[in-house]
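Asker: just need the structure, nothing else, for what follows:
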Amino acid sequence: MSLEVIGQTVLVTGASSGIGQGIAIEFGKQGANVVVNYHSDEDGAKYTLEQIIRAGGKGFIHKANVGKEEEVVAMFNKAVDEYGTLDVLINNAGIQKDSEFSSMTLDQWNMVINTNLTGQFLCAREAIQLFESKKESFPEGKAIGNIIFISSVHDIIPWACHVNYASSKGGILMLMKSLALEVAPKKIRINGISPGAIATDINDDVWNDDEKKNQLLKLIPYKRIGLPEDIAKVAVWLASGDSDYITGTTIYVDGGMTLYPGFVDNG
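Answerer: Numbering: from 1, shown residues only. You can find the predicted model right below:
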């Protein structure tokens, strides 16, 4: 497999922990220049960068709230100043503010939509503008740019008491598809990855509780919980020329969670 990631410039939002951190480190292992975005966890971002450099990649950390336009623009400008261009955007940053719907506040709704959906819009727009400005010619089988939207199985699986989160992920699905259709003629590829249950710090209360873990495993036909590396390897492949004929597609990396696990014993 010829991933051809060496020397590419990759911006990963929300890269200070969890899935984003795993993706950023994996690109570092492939020799990429990685922009490590974070919002509040500077120590986590520094750790991500240390692992990237240790693996043979390059990069820098940059603090930005992806839901604020001026901060997003400044982040992309910094990437260009540092590396001259951008090749891949990993649109990953996301938050949860859970509540029963009847007691959900407007702030809880707006915070999740602003980060999870508006943030992905703003970052994608800046990336598209950079891709479109590239002057060099690209051979057949090589895109001028890639965007990978990190979503969730809850872009198609409803989730009670998480309406703001599920709504944001459903929005990402159609944002990705509509954008992919619009820019495909320009040789820009847009795809999505929708993780299932992935072991990260944000939900370690589940992984460290045997009863909760066993309940969760009932929803996963493959009978294991995913790791950030499971997502990262797919992201690197989607950003490479090996997947050049794929655009507008979401890959569900979920151990079969979207396969209606209640029917595993014939329903």
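Asker: export the helix or strand hosting Gly170 to CSV, keeping only CA atoms.
Answerer: When secondary structure is defined using DSSP states H and E, the element that contains Gly170 is helix 163-183. Taking C-alpha atoms only, helix 163-183 is exported to CSV below (Å, rounded to 0.1, in the frame of the first residue of the first chain):
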residue,chain,number,x,y,z
VAL,A,163,-30.8,15.3,20.8
ASN,A,164,-28.4,18.2,20.3
TYR,A,165,-25.4,15.9,19.7
ALA,A,166,-27.3,13.5,17.4
SER,A,167,-28.7,16.5,15.4
SER,A,168,-25.2,17.9,15.0
LYS,A,169,-23.9,14.6,13.7
GLY,A,170,-26.9,14.2,11.3
GLY,A,171,-26.1,17.7,10.0
ILE,A,172,-22.5,16.7,9.4
LEU,A,173,-23.6,13.8,7.3
MET,A,174,-25.5,16.0,4.8
LEU,A,175,-22.9,18.7,5.0
MET,A,176,-20.3,16.2,3.9
LYS,A,177,-22.3,14.8,1.1
SER,A,178,-23.5,18.1,-0.3
LEU,A,179,-20.0,19.5,-0.2
ALA,A,180,-18.5,16.4,-1.8
LEU,A,181,-21.0,16.8,-4.7
GLU,A,182,-20.1,20.4,-5.2
VAL,A,183,-16.3,20.2,-5.2
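Asker: Thr118 contacts Gly67, correct?
Answerer: Yes - proximity of Thr118 to Gly67 meets the contact threshold set by C-beta atoms under 8 Å, at 5.5 Å. Quick note: C-beta positions are derived from backbone N, CA and C, even for glycine.
Asker: for the helix holding Gly170, packing partners?
Answerer: Here helix 163-183 touches helix 106-113, helix 119-132, strand 145-150, strand 188-195, going by 3 or more C-beta pairs under 8 Å, 6 or more residues apart in numbering; DSSP states H and E.
Asker: how big is the angle separating the last one from helix 163-183?
Answerer: Per axes from the mean of the first three to the mean of the last three C-alpha atoms, to 10 degrees, the angle that strand 188-195 makes with helix 163-183 is 160 degrees.
Asker: ok so, going back, next, the buried residues of the helix holding Gly170.
Answerer: For helix 163-183, burial by neighbour count (16 or more other C-beta atoms under 10 Å) applies to 163-173, 175-177, 179-180, 183.
Asker: ranges for the helices of the stretch 1-150 of the chain?
Answerer: Defined through DSSP state H, counting those that start in this stretch, the helices belonging to the stretch 1-150 of the chain, from first to last, are 18-29, 42-54, 69-83, 106-113, 119-132.
Asker: can you redo these as CSV with distance to Leu227 and mean neighbour count?
Answerer: Output for the helices of the stretch 1-150 of the chain, formatted as CSV (distance: least, C-beta to C-beta, whole Å; neighbours: other C-beta atoms under 10 Å):
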stretch, distance to Leu227, mean neighbour count
helix 18-29, 7, 27
helix 42-54, 15, 18
helix 69-83, 27, 16
helix 106-113, 25, 15
helix 119-132, 23, 21
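Asker: what's near enough to touch the spatially closest residue to Gly196 that is not a sequence neighbour?
Answerer: Distances taken as C-beta to C-beta, 6 or more residues apart in numbering put Asp254 closest to Gly196, at 2.8 Å, once the chain neighbours are dropped. Taking C-beta atoms under 8 Å, 6 or more residues apart in numbering as the definition of contact, the neighbours of Asp254 are 153, 194-197, 220, 226.
Asker: look up how far Asp107 lies from Asp254.
Answerer: Counting by C-beta to C-beta, to the nearest Å, the separation of Asp254 from Asp107 is 30 Å.
Asker: so which of the helices and strands packed on helix 163-183 is nearest Gly31?
Answerer: Minimum separation from Gly31 across the helices and strands packed on helix 163-183 (C-beta to C-beta) falls at strand 145-150, 16.3 Å.
Asker: what average pLDDT does stretch 101-113 get?
Answerer: For stretch 101-113, the per-residue pLDDT values average out at 98.
Asker: fine by me, thanks again.
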